[in-house]
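Novice: Quick one, fold the following:
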Amino acid sequence: MNKTAIVTGANSGFGKLITLRLAQQGYTVIAGVRQETNAKKLAEEVKNAALSESIHIEALDVTDTQSIQAFQKRLNAYAPIHLLVNNAGTAYAGFAEEVPVDQYREQFEVNVFGVMEMTQAVLPLMTSGAKILNMSSISGLMGMPALSPYVSSKFALEGYTESLRIELAAFGIQAALIEPGSFQTNIWNTSMNEQMTPPAAGSKYTTIYENMMSYIEAQKNNYGDPGEVAELVVSLAEKKRLKKLRYLVGKGVRLSFIAKQLLPWNVWENIILRTLSSKK
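Specialist: Numbering: from 1, shown residues only. Below is the predicted model:
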């Protein structure tokens, strides 16, 4: 039976790869894209991949209630929905003392409230056996300096999804989290270059900021292939049962997660501080 999937933030990064792979797997994919220019670019790539019959691009801004409601009405033609991939996200960075609170609000609008509102819109069109996959991050499991806007939004998504999963279990609908590490997508380049609130001149955070930037630059060669995440999503979509709440993916992610769980906090904290210290 042909299955229908929804992918938000489908025009780039994980979202685009997930959209293409699901279509190749035989799904009808509703690809939510916020900007018209990005929708046109995606349409061209879909055409070149000979997937135009399987991928339907729809206007969708997950931070706009009216946009979600209009999107929901168009979904009736595709019901029932078998898979929702809440992928749309952004990453704001900066130090907690200096980041304007409005940026925290903007971060949560996309990464948390957008997921909540999309889930509410799609759930009435789902039946037993359907799945909701929320794109979290290893940053939703461990905090890092200069990333508190992003980290806190992903921590919130973790708690939301845990509750959601338990609520839906009786109805045969499964919810789970995808936990990527660092991959070769543009979200970190964007956040560190365009959405980073850099320390002001003479800020006490300047040294930490410089060390963070050096660390991130040094790690870029270790970033994984985002295709791994797309393959994981397809694999989970095809499973009859999602036995786990969290699915970690990426180099070193599982080891870091286990280490944080097992080590006393002061030991874990010192590891982070030493890693980001001024000693080269």
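
Novice: Low-confidence stretches in the stretch 151-280 of the chain?
Specialist: Residues of the stretch 151-280 of the chain meeting the criterion pLDDT under 70: 183-194, 222, 278-280.

Novice: just the helices in this protein please.
Specialist: 13-24, 36-48, 65-75, 101-108, 114-122, 148-168, 187-193, 206-219, 227-238, 253-262, 265-275 (DSSP state H).

Novice: can you pull the contacts of S203?
Specialist: Residues near S203 by CB atoms under 8 Å, 6 or more residues apart in numbering: F95, E98, Y209. From N, CA and C alone the C-beta is placed, and that goes for glycine too.

Novice: what is T4 paired to in the beta sheet?
Specialist: When bridges are called by DSSP bridges, T4 pairs up with T28.

Novice: dump the residue contacts of it.
Specialist: Applying CB under 8 Å, 6+ apart, the residues near T4 are Y27, T28, V29, I30, Y78, A79, P80, I81, H82, L83.

Novice: per-residue confidence for it?
Specialist: On pLDDT, T4 comes in at 98.

Novice: How about M116?
Specialist: On the pLDDT scale, M116 is placed at 98.

Novice: The residue lying closest to it once chain neighbours are set aside - how many residues pack around it?
Specialist: Distance criterion CB to CB, 6 or more residues apart in numbering; nearest residue to M116, sequence neighbours excluded, is Y160 at 6.6 Å. The tally of other residues near Y160 (other CB atoms under 10 Å) stands at 19.

Novice: Number of residues surrounding A77?
Specialist: With other CB under 10 Å as criterion, A77 counts 9.

Novice: just the one 4 residues further on next, same as before
Specialist: The number of residues packed near I81 is 22, by other CB under 10 Å.

Novice: What's opposite it in the beta bridge?
Specialist: M126.

Novice: and it, what is it in contact with?
Specialist: Shown in contact with I81 (CB under 8 Å, 6+ apart): T4, A5, I6, L75, V122, L125, M126, A130.

Novice: Quick check: phi and psi on the spatially closest residue to M135 that is not a sequence neighbour?
Specialist: Residue nearest to M135 in three dimensions, not counting chain neighbours: N87, with 4.6 Å by CB to CB, 6+ apart. N87 adopts backbone torsions of phi -100, psi -30, taken as degrees, to the nearest 10.

Novice: hang on, N87 packs against K16?
Specialist: No: N87 is beyond contact range of K16, at 9.4 Å (criterion: CB atoms under 8 Å).

Novice: Now for the two: what residues contact both?
Specialist: Residues touching both N87 and K16 by CB under 8 Å, 6+ apart: A10.

Novice: With neighbour numbers in mind, choose between the two.
Specialist: Applying other CB under 10 Å to N87 and K16 shows that N87 carries more neighbours, namely 27 against 24.

Novice: Check the gap between the more buried one and L20 for me.
Specialist: Applying CB to CB, to the nearest Å, the value for N87 to L20 is 13 Å.

Novice: quick one: contacts for I132?
Specialist: Contacts for I132 (CB under 8 Å, 6+ apart) come out as 83-84, 86, 119, 122, 126, 161, 164, 168, 173-176.

Novice: let's see 7 Å
Specialist: Residues in contact with I132 (CB atoms under 7 Å, 6 or more residues apart in numbering) are L84, N86, T119, A175.

Novice: wait, which of those is closest to A201?
Specialist: Nearest to A201 among the contacts of I132: N86, at 39.2 Å, using CB to CB.

Novice: for the closest one, which residues make a bridge with it?
Specialist: N134.

Novice: Just give me the neighbour total for S277.
Specialist: By the measure other CB under 10 Å, the count of residues near S277 is 11.

Novice: Tell me how far the residue lying closest to it once chain neighbours are set aside lies from V151.
Specialist: Nearest non-adjacent residue to S277, counting by CB to CB, 6+ apart: N211, 6.9 Å away. According to CB to CB, N211 and V151 sit 17 Å apart.
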